[in-house]
Structure formats: C-alpha cells, structure tokens
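Chemist: sequence first, then the predicted structure:
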Amino acid sequence: MMLRRFAPLVVSTLWMIDVLAIPASAQNTAPVQSAKEEESKALLACAQMVVDQLSVLKIPAGREKRFQGKLSDATDLCRGGYKATEFRGTPWVDWSNYWGTGDLSSLPKGFISSKLPATRGVAGALVDLELQRVSLIKFNLFDNSGTYEAYVRGQSGVGGPAIKVWPQMRLQPTNPVYKEVGGDGTQVCKGDLIRWRTVTGICNDILNPAMGSSGMLFARNVEFEASFPELGLNDLARNRHGNRLSLLRPDPQVISRELFTRIQSSPEKCMAGYGLPGSSKDASCDYKKAPFFNVLAAYWIQFMTHDWFSHLEEGHNQPEYMKVGCETKLVNNVVQPLSPEDIERLNCRPDDLIDKGYVADDSAPGTFSAGGRTHLERAPKTMRNTNTAWWDASQLYGYDDTSRLRVKRDPSDRAKLLLIPVENQNGTGYLPVFEPNDPINPEWAGQEAAAFPDNWTVGLSFLHNLFAREHNSFVAEFRRVAAEKPDADCGLRDPSQPEKVIRYRDVSPDQLFEIARLVVAAEIAKIHTIEWTPQLLYNEPLNLGMNGNWNGLLGANGGLLSKALSNVVTQNFGKSKDVDKASAWYSVFASGPGIFGLGSKVHGYDISDPKFTNGGVNHFGSPFNFPEEFVSVYRLHPLVPDLLEYRELNGDPNKIVERIPVVDTFQGKATSFTHSMGLANWALTLGRQRLGLLTLRNSPLFLQNLKMGRLESKTQQIDVVALDIIRDRERGVPRFNEFRRQYGLRQLTSFDDFMDPATAPGSSERLEQEDVVRTMREVYGQHVCDATKVITDAQVNDDGTPINDCLGHPNGTLVDNIEDVDTAVGYLAEYRRPHGFAISETQFVVFILNASRRLFSDRFFTSCFRPEFYTTLGVAWVNHNGPGPEMIEKGKPNGHVQPVSPMKRVLLRNIPALAPELENVVNAFDPWARDRGEYYSVGWKPRPGAESDESFKEQ
C-alpha cells in the first residue's frame, strides 16, 4: 500500500530525471507523437514495476518457483518500451529486449532523452542476470564426491551452504605429500605447497588439499535424479521420455547428418571438408559466419578447455569399443532400421566404432531423507576429471607427473621455457618437437612439446607458442629489473620465513619459473573474462558484468552496476557485509572489489596463516569441480571452418593466399605449418577470418568424416558430431527441455518454439528455421500425450500445478517429443538470442554460474593475488596487461574509456611485427578488418584500409 501511495511521486521523479539529464536545446525538440506516447507509458509503468519487483527480487526457498528471466508487463515496458513486451509470451529471457542491450537500434528514437531509458534497460538487465546468478548458486550445486548430504542437511550446527571444510577433500595416504599436510590428523597445506600452483592442483584450497586436483570427480549442476534419463530410474524420467531413449536412440549419426551438416553450393570444391590439393585458393567450403568473432577465438576456447577438463587418460578412453549409430530412424513415430538407400543418402557409416568412456563408479548410489523427500547421494554414474579443475594454465605447465615431463625448460636458464630458433623465422623461437623418449602416444609424434598434446592443431600450436613466449617475456623483464636493483624487495615471501625480505637477487630460477606460471595463468584468465567473453556476448550488460566480475564496481560505470546489484542484495540479505552469513550475498558483495583479488586488500597479511591465504575464497558450501553440464555446453565445433584463409603479413594482408584444410593441420602436421609460415602470418590468418555461427546445419564437414588410424574399426573414421551426442548421453546430461528447467529457464512446448518470432514470414531466415523444425519433428518424433503423467519437479506451471506430459496441450493430443531433444541439438536450435550472443541463452546460463565459481574458488585469483606470491612486478603485470603503466585505447570503444586489452598486448609484445595490423583492433577476438561501428554493431563492413579484403566480397 505504501508503495502504491508513492507511485505518482516515483513517476514524477523519473520524468524529471529524464528531462534534466539532457541539454536544454534537446528538451525543446518536440518528439514524434508515437515516441512520446511510448515514453509516457514506459514512465508510468516504472511506478508499477517498483511494486511488482518486490516479489520477483526475493529468492524463493524452493527451486520450482525460482526466477526464470520473465517479468511483468510493467517491468518490461519500463525497461524496454513496446519492444520488450512484444516477446513476453516466448520462452526466452526478457532482458535481451530492454533499451540499450543491443546495437544503436536498441536506443529509443524520438524520446526526450535516449540516455536514461537505456540506463534503465541496461541496469534492469544486470539485475536480471544477478538474480539468475544468485539462484544458480543456491539451486544448482551438486557434488558427486560424498558431500551432498552435508550440503542439504548442514553439519555440526553449520548450514550446508556455509560449510568450508570437507573430509572428502583430504589427501589419501597414497599421495606423496600425505604426511606433509597432516596425514591422519587435520590436514593443512603449508610451506612450498602453498607458494605456487602445484602440478596436480592440490593445496589450492589450503584446508581442502584434494579439491580441484587431477583425478577428482566431475560434479553436476542438475539434480542427480534428473541425470542419466536414458536409464529411466524414476517415474519423472519414465514419464518424461516414455521409454523412447537409449545411448543410440534417436540415432546419433542420423541426427548429425540431418541437423548438423553444412550444405554446400559447390561440393566438388570442398571435398567433405578436405579441400583441394595443394591448399588451393580455389577450394571453397560454405559455412554460416559470425560477423563479430574470429577464428582465433575458436582456437582460444580449445586452448582453454585443454586447461579445464578431460575425461581421457593420456588421450584414450577404455579399450572396449562400441557402435556409434547409422542404424535406425523414425517412420511415423516407429523405430525402423535404415535401408541401404537411407545410408547412402545420409552418407553415414554403420561400421564406425569408438572407444567407450571411462566410468569411475556405476554402483547404485545411496539415499538420504531431508526436507520431506528422498535424495540421491550422488549421480547414478560418476566420471573423473583427469585434468586439474583450476584455471592454472595446466595445458602449458602440466597437470600430473607424466604431463610435467612433457614440459621443456631451457637448460641454460631454468626459469624459462625452451624455445628454439627456426630457419627463416625471426623472433624468440618456437617450442621444440617431442623426442622419442618423451612420454607420448604414437599419434603425437612430430608435434611441438606441450603438457596437453591431444587434439593438436595449428591453432593450438600458435597459442602455445605465443604464451611460451609470454612466459619468457615476463622472466626477461624480471631479470632486467633485478639487474637494475638487485637488492630491492621484490615483494615475494616464503611461508616458512614470512618476515624475511626477499630481494630480486635472491629469487632462484625454479622460483621465477613458478612465479611466471602464476602470472601467465592470471593473464589467461583475465583475457578470457574481459576480452574473449565480452566479444562472445557482445552487448553492454555483459561488457559491464564481465568487467565487474574482474575489476569490480569502481570504474566509470561502477555506480550503475553497483546500484543494480544492490537491489538483489537488500531484498534477500539486508545490508550486512558479513560474507559468512550467506553465500549468495557473497556473490554480490564480491562484485564490489571484483572477484579478482578479493580478500587480498587487507592489512597485516600473514602468508603463513590460512586465515589470510585462504580467506578470500568461497565455494558456497559445495566443493569446486567442473560439472558434466559445463563440459556439454562447450561443444562448440560449429565455430571451426573447414578451410583456413591463409594470409601473409609482409604481402597484402587483404589477400587470401591459400585455403588450407583444417584437417591438414592436425597433430604433427601442425609443426611444419607453424614453423614454415611463422606466428605473425598465422596471427593475421586467424585474426581476420570469421568463425562459424553456433547453429544447426553448420558443423565442419571434416569432423563428420574424420580419419583416425588408431581406431579398431573397418572404417577407421568417426563422426565427431555424432560422438558429441553420444558422450553427453554416456555422461548423463539431461535432455534439452529438462536441462533448461533445471537451470531456471522456461521450457519449450513444441519444436515451433525454437523459431525466432522476430523473423519475417516468408523470409529466407524464416523458411530455413521452418525446415529445421520439420526435420527435428521427423528425427525426434511425436507421441500422444498423457496429462496424468508429471514429468518434472524442477518447475511448476504458472498456476502452481505440476508440469505434465502434455506441456499445456489438451490431453490425448499428438505432441512433439520436445523432451527427447539432445541438449547440444537444442541449444544450437535456439534462433532467438540476445543481441551479440555467439552462444544460446541455455549455454550462457551455465556460464553465469561456473565462470564466477572458478574465480571465487581459486585463492590465487582472490586472497593470494598479492606480491607475496606474484612479486610486485607480477601483480603490476597482470593489472596493467604487461610491463610499465597501463596503456589506454584510442577513442571510446562502445562509449567507454578502455585499457588496451590484455590479448592485444600479449600479441604486440611477443609478435611485434603485428603492430600496424593491430593499430585499429580493439578486441583481439573481433575480426581484425571489421569496422566495429558506434555501439555494439554486429555488421560486416571493412574498417579503413581493409576495403579490398577479399572476405568482404561475401556477406
């Protein structure tokens, strides 16, 4: 009642703010009548929004009523005008339609001011995103290692989300440092175990030594009961899928060929992705291109995932083989064998085989009761992450004892990585090639030495060489400073002697190597957070959000972000700043100083005291490891083109010299390409070319026909696209609709919901989407629905009733098997996306949770980001993106004063010949010849000097 009483005052205040925010000359300009009417209605709606938001901002006790990204008419009208209300009936989130969240067209036209409506829109989007993040932290943490019951019940009087130490995260007696951390007693890491990132990832959390280390179990972001739907272990799964699923049903090769294949206008010029002889420029493989993301970005994410997770053991799965489909199809919703004609038409292979994935534990999980229901203690099957879960550059430095043996250090200076000169190539050298006595698989022979050598390509070769040079660049700068002032305090400290000053001259080569690893890992994390991700998600809310995650709210736009996030905080946790009171409050509180460095800005810091060294981390009551669902949404193969448009920096950068098949750059063949052509040319090649859109019918043809000599099959080929689907099924990833419900997104009720309602009827885009929907209906089928069958407990209908098999359709009608759609198929079929999103909103919501957690949980990014660990030079290097003071980009890209980005500086520092090419580049992952426009343009037009670039001939 009080708020309603003051609603007119709210409207008056907002109106005055709008008017006073613009020059008087602009105030005297009469807006067009329709715009003025929209503006007036939007301002009136803002008053009602205040009332509506009271309930929305509250995080509910149960997951079934959580925020789903959908708001009231008043809220949408206030934040985005008529456009925001137009698509409220769709399953997709509302914030992407707010003012200011797109390009220039998202700014209101004819209004008294376009600034404040855009501010309302962007601030509203940030509130929605924070609501999602807090809800995800509360409802989507499921650890497989035996801690889940304590998370639900609490332990020793401490609520589950506040638990900080778990017995399951102790080192086992077989670990070489078992006694060193405390053995059978209380385990606490100390000494050299806490100074650096350990090879296996132990002792990142000083009180939970095993957490995040290699060999730990993958976690889940979905309820255990919702995983492994093919097993049909509960009534909800059986009701949801009607016994229609198995590892090979629907057939994964049929799905690959019908829904993923790139359609070619000139198949003879593509040759199934293998191109023409001699890397002929005349080769051509059609693919749908993303205008605002380059191929360097595609290889970047492969470089990242090699650091984060792996289900393989030294590049291999189990020795037992299994079929991968090309066997069945649906005909009138009945499963039938493929005919020889079907197989020929699809070009699939029934004789393909692949090795089965490793399973850590497939015994029946235990149960416990709490909150009036029975819970599984873990998922029906578990798998191990053979990599470290930390963002620790393990692909460069190793993740276990074997991989560390593949890391080559310079024998003349142990602080450096070994780089060797290559004939006819300038610069600081290249990584050496594996030697016969190195611990490698036969298929890795001839590759450059790397800790994680599997799935090696020329793009990975480029990035490994680049960051090996960066490691050595830091070492060289440290040596230069040490020569200038050898007796000065370098900032480093020894936990065993915390009071002793360590001078520059005192730092040993082995210590400097580990310091350089800390710096390089932090640089990589920073590049991914504030450069790669904001280009992947190219709009203002995500630019502010990702920079806020890293740098905090203290920058030029910090006030806007801070106010937006405080709305969520005060409604749920009050104004307390005690981060121990609520883990969800911590999520928002950490956005003040930024997650990076949180807990490090304290006086009296003692490097030997876990209260300080471990004080900045928060795991939200559940041990940190990557969930299987996180692995699933990183299936990004459509990003990769079939052919690389090779260019030469010293010639005409606008000219494509060759079209090199990506498949020809695999494994040892990458070495000759890298060494003969040079890093500068490869940087130009990868930086200029657009990558592929993440959408259906856009997967690389060579991946569907990949030749693998190690396979024990008649074909010795594999369809990697089909294999992606199989691996998700093997690992128990829920199918698409339940996946969305588990993450707090709206469900779809038919295949038609995938289509973008904004596309014009009869347009080529609409016709293509309609054809895909028809094909999905053929591949996945339909069934007669039964309204008595409840299919989920993750959400309820708007009226509070359980969601049933009919999904709102009349009982007994023929409905789409939308529940059976594989998650990877579903998120690629999302044609409606926020502006500038290279990924779908389903993939994005997984990132919201896990991108923050991997920073929150890592003490080297929070309480240990200090000179005591990184040295004074190391801290400055990470903060300033290199040596010396921070460099500022010219102009105001997208309206912001912006430092020269970290990846751009890494490229300039280690490949100085790129300076002219990078002069006009703002983000290294934006195609280097593209004109970025005024405000988050995703248009494809050349920047000055690139008008003759051949890639602009094809739009």
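Modeler: That came through, no problem.

Chemist: what's the closest non-adjacent residue to Leu129?
Modeler: Gly545 (6.0 Å; C-beta to C-beta, 6 or more residues apart in numbering). Heads up, the C-betas are built off the backbone N, CA and C, glycines and all.

Chemist: how many other residues sit next to that neighbour?
Modeler: Number of residues near Gly545 (other C-beta atoms under 10 Å) recorded here: 25.

Chemist: run the chain-centre distance for the helix or strand harbouring it.
Modeler: Secondary structure assignment for Gly545, by DSSP states H and E: helix 540-551. Distance of helix 540-551 from its chain centroid, counting by C-alpha atoms, centre = their mean, to the nearest Å, is 14 Å.

Chemist: equivalent analysis for stretch 300-318, please.
Modeler: The answer for stretch 300-318 is 15 Å, by C-alpha atoms, centre = their mean.

Chemist: and if you look at stretch 909-920?
Modeler: Using C-alpha atoms, centre = their mean, the offset of stretch 909-920 from its chain centre is 27 Å.

Chemist: could you check how far the residue most central in space within the chain is from Asp192?
Modeler: By C-alpha atoms, centre = their mean, the chain has its centre lying nearest to Phe847, at 5.0 Å. As judged by C-beta to C-beta, to the nearest Å, Phe847 and Asp192 stand 34 Å apart.

Chemist: please apply the same query to Ala84.
Modeler: Ala84 is 56 Å from Asp192, by C-beta to C-beta.

Chemist: neighbour count winner among those two?
Modeler: Ala84 (26 against 16).

Chemist: the strands in this protein, which residues?
Modeler: 289-294, 321-323, 328-331, 334-337, 353-355, 367-370, 373-376, 643-646, 658-661, 690-692, 706-707, 717-718, 782-784, 814-816 (DSSP state E).

Chemist: packing partners of the last one?
Modeler: Yep, that's strand 814-816 we're talking about. helix 764-780, strand 782-784 (3 or more C-beta pairs under 8 Å, 6 or more residues apart in numbering; DSSP states H and E).

Chemist: for His619, which of those is the nearest?
Modeler: With C-beta to C-beta as the measure, helix 764-780 is the member of the helices and strands packed on strand 814-816 nearest His619 (38.1 Å).

Chemist: ok, residues contacting the closest one?
Modeler: If you take C-beta atoms under 8 Å, 6 or more residues apart in numbering as the criterion, helix 764-780 is touched by 250, 254-255, 258-259, 329-330, 696-697, 751-752, 754-756, 759-760, 816-818, 820-821, 825, 829, 831.

Chemist: what are the buried residues along that helix?
Modeler: By 16 or more other C-beta atoms under 10 Å, the buried positions in helix 764-780 come out as Arg766, Glu768, Gln769, Val772, Val773, Thr775, Met776, Arg777, Glu778, Val779, Tyr780.

Chemist: the closest residue to the last one other than its chain neighbours: what's it in contact with?
Modeler: Just to be clear, that refers to Tyr780. Computed as C-beta to C-beta, 6+ apart, the closest residue to Tyr780 that is not its neighbour in sequence is Asn817, at 4.6 Å. By C-beta under 8 Å, 6+ apart, Asn817 lies in contact with Arg244, Tyr780, Gly781, Gln782, His783.

Chemist: how close does Asn817 sit to Val825?
Modeler: Using C-beta to C-beta, which is the criterion applied here, Asn817 is 12 Å from Val825.

Chemist: that older thread, between the buried residues of helix 764-780, which sits nearest Gly945?
Modeler: Glu768 (34.5 Å).

Chemist: show me the contacts for Leu908.
Modeler: When contacts are counted by C-beta under 8 Å, 6+ apart, Leu908 is found next to Leu914, Ala915, Leu918.

Chemist: dump the strands of the chain to TSV, plus distance to Tyr935 and mean pLDDT.
Modeler: Listed next are those as TSV, based on distance: least, C-beta to C-beta, whole Å; pLDDT from 0 to 100:
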stretch	distance to Tyr935	mean pLDDT
strand 289-294	13	97
strand 321-323	51	96
strand 328-331	47	96
strand 334-337	51	97
strand 353-355	47	96
strand 367-370	50	96
strand 373-376	48	96
strand 643-646	29	98
strand 658-661	34	98
strand 690-692	21	98
strand 706-707	41	95
strand 717-718	44	97
strand 782-784	44	98
strand 814-816	39	98
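
Chemist: nearest to Pro60 among the ones you listed would be which one?
Modeler: strand 373-376 (16.4 Å).

Chemist: pull the longest helix from this structure.
Modeler: Longest among the helix segments of the chain by residue count, using DSSP state H, is helix 458-484.

Chemist: quick check, pLDDT for Val158.
Modeler: Looking at Val158, its pLDDT is 87.

Chemist: identify the bridge partners of it.
Modeler: Counting by DSSP bridges, Val158 forms beta bridges with Gln155.

Chemist: what number of residues lie near it?
Modeler: So Val158, with other C-beta under 10 Å, has 13 neighbours.

Chemist: can you select the buried ones among the contacts of helix 764-780 for me in PyMOL?
Modeler: In PyMOL, this line selects whichever of the contacts of helix 764-780 come out buried by 16+ other C-beta under 10 Å:
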select buried, resi 250+254+255+258+259+329+330+696+697+751+754+755+759+816+817+818+820+821+825+829+831
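
Chemist: give the contact list for Ser145.
Modeler: So Ser145 contacts Trp166, Gln168, Met169, Met216, Leu217, Ala219, Arg378, Pro623, Asn625 (C-beta under 8 Å, 6+ apart).

Chemist: of those, closest to Leu745?
Modeler: Closest to Leu745 out of the contacts of Ser145 is Ala219 (19.8 Å), distances taken as C-beta to C-beta.

Chemist: is the closest one in a bridge, and if so with what?
Modeler: In beta-bridge terms (that is, DSSP bridges), Ala219 pairs with Pro627.

Chemist: looking at it, it is touching Gly146, isn't it?
Modeler: No. Between Ala219 and Gly146 there is no contact under C-beta atoms under 8 Å: 11.7 Å.

Chemist: out of these two, which sits in the busier spot?
Modeler: Under the neighbour definition other C-beta under 10 Å, Ala219 and Gly146 were set side by side, and Ala219 has more, 29 against 16.

Chemist: per-residue confidence for the more buried one?
Modeler: 98.

Chemist: ok, Phe452 touching Asn387?
Modeler: Yes. Between Phe452 and Asn387 there is a contact under C-beta under 8 Å: 7.5 Å.

Chemist: what do the two both touch?
Modeler: With C-beta under 8 Å, 6+ apart as the test, Phe452 and Asn387 both reach His306, Asp307, Ser310, Ser394, Tyr399.

Chemist: related to what we said a few turns ago, can you list the helices and strands packed on strand 814-816 in a markdown table and add distance to Arg741?
Modeler: Listed next are those as a markdown table, based on distance: least, C-beta to C-beta, whole Å:
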| stretch | distance to Arg741 |
| --- | --- |
| helix 764-780 | 18 |
| strand 782-784 | 19 |
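
Chemist: the ones you listed: which one's closest to Lys890?
Modeler: helix 764-780 (36.5 Å).

Chemist: that closest one - what's its average pLDDT?
Modeler: 98.

Chemist: could I have the CA atoms of stretch 483-500 written out in PDB?
Modeler: Taking C-alpha atoms only, stretch 483-500 is exported to PDB below (Å, rounded to 0.1, in the frame of the first residue of the first chain):
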ATOM      1  CA  ALA A 483      69.900  -6.200 -12.800                       C
ATOM      2  CA  GLU A 484      68.800  -2.600 -12.100                       C
ATOM      3  CA  LYS A 485      68.100  -3.000  -8.400                       C
ATOM      4  CA  PRO A 486      69.300  -6.400  -7.200                       C
ATOM      5  CA  ASP A 487      68.900  -5.600  -3.500                       C
ATOM      6  CA  ALA A 488      65.400  -4.200  -3.700                       C
ATOM      7  CA  ASP A 489      62.500  -6.000  -2.100                       C
ATOM      8  CA  CYS A 490      60.700  -7.900  -4.900                       C
ATOM      9  CA  GLY A 491      57.600  -8.500  -2.800                       C
ATOM     10  CA  LEU A 492      57.900 -12.300  -2.700                       C
ATOM     11  CA  ARG A 493      57.700 -14.000   0.700                       C
ATOM     12  CA  ASP A 494      58.400 -17.600   2.000                       C
ATOM     13  CA  PRO A 495      55.600 -19.000   4.200                       C
ATOM     14  CA  SER A 496      58.300 -20.700   6.300                       C
ATOM     15  CA  GLN A 497      60.000 -17.400   7.000                       C
ATOM     16  CA  PRO A 498      57.300 -14.800   6.400                       C
ATOM     17  CA  GLU A 499      59.200 -11.900   7.900                       C
ATOM     18  CA  LYS A 500      62.200 -12.300   5.700                       C
END
